[in-house]
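Asks: here is a sequence together with a model predicted from it:
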Protein chains: 2
Amino acid sequence: MKGDQLENWLNSRKKRKELYDPQKLFEGIRAGDRHALARGITLLESRRKEDAEAAAHLVRECLPFSGNSIRIGITGVPGVGKSTFIESFGLELIERKKKVAVLAIDPSSEKTGGSILGDKTRMEQLSLRKEAFIRPSPAGDSLGGVARKTRESIFLCEAAGFDAIIVETVGVGQSETSVHSMVDFFLLLMLSGAGDELQGIKRGIMEMADLLLVTKADGENEKTAEKARRTYQNALHLFPPNSNKWTAESMKVSAFRSEDMSAVWEKIDEFCKLTTENLSFSHNRKKQDLYWFRESLKEMILGHIYGMEGFQERMNELEAMLGAGQLSSFGAAEEMFKEFILKWRR
Amino acid sequence: MKGDQLENWLNSRKKRKELYDPQKLFEGIRAGDRHALARGITLLESRRKEDAEAAAHLVRECLPFSGNSIRIGITGVPGVGKSTFIESFGLELIERKKKVAVLAIDPSSEKTGGSILGDKTRMEQLSLRKEAFIRPSPAGDSLGGVARKTRESIFLCEAAGFDAIIVETVGVGQSETSVHSMVDFFLLLMLSGAGDELQGIKRGIMEMADLLLVTKADGENEKTAEKARRTYQNALHLFPPNSNKWTAESMKVSAFRSEDMSAVWEKIDEFCKLTTENLSFSHNRKKQDLYWFRESLKEMILGHIYGMEGFQERMNELEAMLGAGQLSSFGAAEEMFKEFILKWRR
């Protein structure tokens, strides 16, 4: 490198280091500086090794100031109207003097390379409000990675004073389970439609819902929406009750009616009151903490071991033998274990 | 040890070794010797280290002769009438020239120390038939352990010529998911009853069912049974379709009506024809093999690492810090990973 180049490079490094100084970011976040919050999340999302320590520092600082919010998960298949709903619902929350952060996980961006959420124009009005903060997360990483970033982004938003955190995900992949494990309240958005009630929603998702909303219940669509709502309501009755005593319900909503948005919030508020009173609100958060601790540890351990030299190749060989009926599943597992763990530990 | 004692001990060891010689057991099993089959399963269930190699040998030998059966999982809460159903259904299968093996997993025995299934008198008539083989499994082990034993017991039964394998489990614990992953067809037994449709069945189980049976549909109970059946039928419609193109249905049955048992078999037969034709039957079995391979390997690896000296103690410490908000979940996981994996690998 020539002198000039070197100096430029050193300068840019220095600038980056200042920009992402975790202590400064923390102070900015606490002071309500949205740019600091945005940069803080970028730091969490960074895959640079040298950023890991700074990110951990930032989370550690924010942690004591986190927790003071309602975390709402929202899912539904593409086309159900998530953005329209969130925009309208977010504005309703702002009316109610809440500060709203929207974290959107978009697993589809893994395939396209870019996020479908991309720009914030999806929620044009909401994004213009100073009480709102919208952050799309280009997934493009392991599910665990996304979960980690999103979960820690929640802490940052809370430390910045946001008291309603909306985590949005598309209800077709693996991410809903993971989102369900990081929110207090889980909203499932469904379309009404003749006979296509299933809409490719993943198995097991309906059971997670604390509230099921049939969207686009306006104009000609209102009747079908009510019919769909009733069908869902019957189905919800069949699920075993939640340990938190909350009974999931279904409502039909139009994002164009502010009284509907208000009714949704009333439901969530009711949920908060019930679960705060019976202590399941805080109990659930503690459970989630433990869950993520154990899951992350598992993922780190397995990721490390599966990445050992020759591990994948040997897996492939044994899977081929398994397919040919030359080995039992357990026999194959024992073989791998002997070859990779026992040898290594000796 | 004195001379006599030593001789006795050596003799009993020798006798045991002969009794559990895997090659002889294999030959006995292939010849249809039920005692050999029973001893073979005992060998699989043994926790003695010296038996592990023999058990693996036996499974390896039986494997090429396994697979030629329909594997049926049956679950339902206690009191739903599983034994009565299986007895009646088993006799129907024998009428149809099938050889029926019943493997019963009973997780509740973990707590009581003995199996509630204990004696075979539960299925008195069935157990007297030479075409039937009934084997209760006192769980008392990790779920993975039970799964392994049950799954390999299936292979042994198949090698012994049994062509209908029924795996029974109580639908309240963790075992159904695991049973679902080792059978071709999953039967869920439900009670009818005023309003108590849920009956403590675990979340997610209903979605696994290939056929839902409302039991005890006789006498005065028949009307309520039909009502319950219809409710379940509506709920089943709401689940997304299976990739194997099978549509789950609900039926009401009385174990005292052989035509009901016959109708259940017809359904299973229909399932077999459909899934054999569209290849999902064999595809599903291959998927299950891979699943158990990967799951078992995971369990072995994690079991090994979680058993490291000081691991649990440090987990407890970090979980306490987590509970006190001094650490984030991911921070705690990283700490464990550094302390136990990275150090150890250096």
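Replies: Looks like it arrived, so ask away. Numbering: from 1, shown residues only, chains lettered A, B, ... in the order given.

Asks: use CA for all of it now, contacts and neighbours both
Replies: Noted.

Asks: chain A: strands as residue ranges?
Replies: Here chain A has its strands, by DSSP state E, at A:70-76, A:100-106, A:132-138, A:164-170, A:185-190, A:211-214, A:249-252.

Asks: now those strands in TSV, with mean pLDDT?
Replies: Output for the strands of chain A, formatted as TSV (pLDDT from 0 to 100):
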stretch	mean pLDDT
strand A:70-76	94
strand A:100-106	88
strand A:132-138	86
strand A:164-170	91
strand A:185-190	94
strand A:211-214	95
strand A:249-252	94
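
Asks: among these, which is nearest chain B?
Replies: With Cα to the nearest Cα as the criterion, chain B lies closest to strand A:185-190 of the strands of chain A, at 12.2 Å.

Asks: packing partners of the closest one?
Replies: strand A:70-76, strand A:211-214 (3 or more Cα pairs under 8 Å, 6 or more residues apart in numbering or on different chains; DSSP states H and E).

Asks: in its sheet, what does the shortest one sit against?
Replies: What it means is strand A:211-214. If you go by DSSP bridges, strand A:211-214 pairs up with strand A:185-190 (parallel), strand A:249-252 (parallel).

Asks: tell me the pLDDT of A:Met1.
Replies: At A:Met1 the predicted local confidence, pLDDT, stands at 60.

Asks: contacting residues around A:Gln23?
Replies: A:His57, A:Leu58, A:Glu61 (Cα atoms under 8 Å, 6 or more residues apart in numbering or on different chains).

Asks: leaving out chain neighbours, which residue sits closest to the first one?
Replies: It stands for A:His57. A:Pro22 (6.3 Å; Cα to Cα, 6 or more residues apart in numbering or on different chains).

Asks: pretty sure the one you found contacts A:Ala55?
Replies: Yes. If you go by Cα atoms under 8 Å, A:Pro22 and A:Ala55 touch, sitting 6.9 Å apart.

Asks: domain-wise, how is chain A divided?
Replies: According to automatic domain parsing, chain A comprises the domains A:1-65, A:67-278, A:307-345.

Asks: would you turn those domains into CSV with distance to B:Arg294?
Replies: Shown next, in CSV, are the domains of chain A (distance: least, Cα to Cα, whole Å):
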stretch, distance to B:Arg294
domain A:1-65, 28
domain A:67-278, 18
domain A:307-345, 7
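
Asks: A:Cys50 - how many residues pack around it?
Replies: Check again: residue A:50 is Glu, not Cys. Residues near A:Glu50, counting by other Cα atoms under 10 Å in any protein chain shown, number 9.

Asks: of all the residues in the stretch 1-150 of chain A, which ones are close to chain B?
Replies: A:Ala56, A:Val59, A:Arg60, A:Leu63, A:Pro64, A:Arg148 (Cα under 8 Å from any Cα of the partner chain).

Asks: thinking again about what came up before, can you flag which of the contacts of A:Gln23 belong to helices?
Replies: A:His57, A:Leu58, A:Glu61 (DSSP state H).

Asks: contacting residues around the second one?
Replies: Same thing as A:Leu58. Taking Cα under 8 Å, 6+ apart, we find A:Leu58 in contact with A:Pro22, A:Gln23, A:Leu25, A:Phe26, A:Gly40.

Asks: try it again at 6 Å.
Replies: By Cα atoms under 6 Å, 6 or more residues apart in numbering or on different chains, A:Leu58 lies in contact with A:Pro22.

Asks: and the gap between it and A:Leu25?
Replies: 7 Å (Cα to Cα, to the nearest Å).

Asks: and the pLDDT for A:Gly114?
Replies: 38.

Asks: let me know which of the domains of chain A is tucked in deepest.
Replies: domain A:67-278 (a mean of 19; mean count of other Cα atoms under 10 Å in any protein chain shown).

Asks: let's have the strands of chain A in JSON lines, adding distance to B:Lys98.
Replies: Output for the strands of chain A, formatted as JSON lines (distance: least, Cα to Cα, whole Å):
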{"stretch": "strand A:70-76", "distance to B:Lys98": "46"}
{"stretch": "strand A:100-106", "distance to B:Lys98": "51"}
{"stretch": "strand A:132-138", "distance to B:Lys98": "55"}
{"stretch": "strand A:164-170", "distance to B:Lys98": "47"}
{"stretch": "strand A:185-190", "distance to B:Lys98": "46"}
{"stretch": "strand A:211-214", "distance to B:Lys98": "47"}
{"stretch": "strand A:249-252", "distance to B:Lys98": "47"}
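
Asks: just to revisit the earlier point, got the helices and strands packed on strand A:185-190 as TSV, with distance to B:Leu93 columns?
Replies: Shown next, in TSV, are the helices and strands packed on strand A:185-190 (distance: least, Cα to Cα, whole Å):
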stretch	distance to B:Leu93
strand A:70-76	44
strand A:211-214	44
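
Asks: which among the ones you listed is found nearest to A:Leu238?
Replies: Closest to A:Leu238 of the helices and strands packed on strand A:185-190 is strand A:211-214 (Cα to Cα; 14.3 Å).

Asks: how about the helices in the stretch 1-150 of chain A?
Replies: A:3-19, A:22-30, A:34-45, A:49-62, A:82-95, A:109-112, A:124-128, A:143-159 (DSSP state H, counting those that start in this stretch).

Asks: ranking these by mean pLDDT, which is last?
Replies: Looking at those, the weakest mean confidence is helix A:109-112, a mean of 41.

Asks: can you give me the buried ones in the longest helix belonging to chain A?
Replies: What stands out as the longest helix in chain A, according to DSSP H, is helix A:280-306. Residues A:280-281, A:284-285, A:288-290, A:292-298, A:300-301, A:305 are the ones in helix A:280-306 that count as buried (16 or more other Cα atoms under 10 Å in any protein chain shown).

Asks: packing partners of it?
Replies: helix B:329-336 (3 or more Cα pairs under 6 Å, 6 or more residues apart in numbering or on different chains; DSSP states H and E).

Asks: so is the helix it packs on next to chain A?
Replies: Yes. Shown here: helix B:329-336 in contact with chain A (Cα under 6 Å from any Cα of the partner chain) through B:Ser329, B:Phe330, B:Ala333.

Asks: show me what contacts the last one?
Replies: Applying Cα under 6 Å, 6+ apart to B:Ala333 gives the contacts A:Phe293, A:Ser296, A:Leu297.

Asks: that'll do, ta.
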